[in-house]
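Participant: for reference, the sequence and a predicted model appear below.
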Amino acid sequence: MLNPERNRRCLDIASARQWLAEGAPISDVLTMLEVRHRFELSSADCRTYAVEILWATQRAIRAPKPTLNSHRKEAHHALA
C-alpha cells in the first residue's frame, strides 16, 4: 500500500536536491518547500518540515557512494 507521507517526503527531497544541484540558494529551497505545503501545515510546521527535508537532502548528498572494490581484482591478477 502506498504511503502518501513517504511519497511526499521523497518528492520534496528530490526537488530540494535538484534545486541545490542547479545552484539555488538554501534560503530559496527552504521557501519553496514551505510554500509547497502552506495549505497542509501550520506556518511553524511548514518551517520545521522544510528544515528536516533540507537536512535529509544534505545527508543524502554527503553520504559516501558505494564503490566497486577494484583491489580484489588487482590482487587476483597480481598473483597470476
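Facilitator: Sure thing, it's come through. Numbering: from 1, shown residues only.

Participant: buried residues, stretch 42-55. List them.
Facilitator: By 16 or more other CB atoms under 10 Å, the buried positions in stretch 42-55 come out as Cys46, Tyr49, Ala50, Ile53, Leu54. The C-beta positions use only the backbone N, C-alpha and C, and glycine is treated the same way.

Participant: report the mean per-residue pLDDT for that stretch.
Facilitator: On average, the pLDDT along stretch 42-55 is 94.

Participant: from the chain's centre, how far out does that stretch sit?
Facilitator: Chain-centre distance of stretch 42-55: 14 Å, with CA atoms, centre = their mean, to the nearest Å.

Participant: count of neighbours near Glu40?
Facilitator: Glu40 has 10 neighbours, counted by other CB atoms under 10 Å.

Participant: can you tell me the centre-most residue of the chain?
Facilitator: Thr57 (2.7 Å; CA atoms, centre = their mean).

Participant: list the contacts for it?
Facilitator: By CB atoms under 8 Å, 6 or more residues apart in numbering, the residues touching Thr57 are Ile13, Ala16, Arg17, Leu20.

Participant: quick one: those residues as TSV, columns for distance to Asp28 too.
Facilitator: Formatted as TSV, the contacts of Thr57 follow (distance: CB to CB, whole Å):
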residue	distance to Asp28
Ile13	16
Ala16	10
Arg17	14
Leu20	10
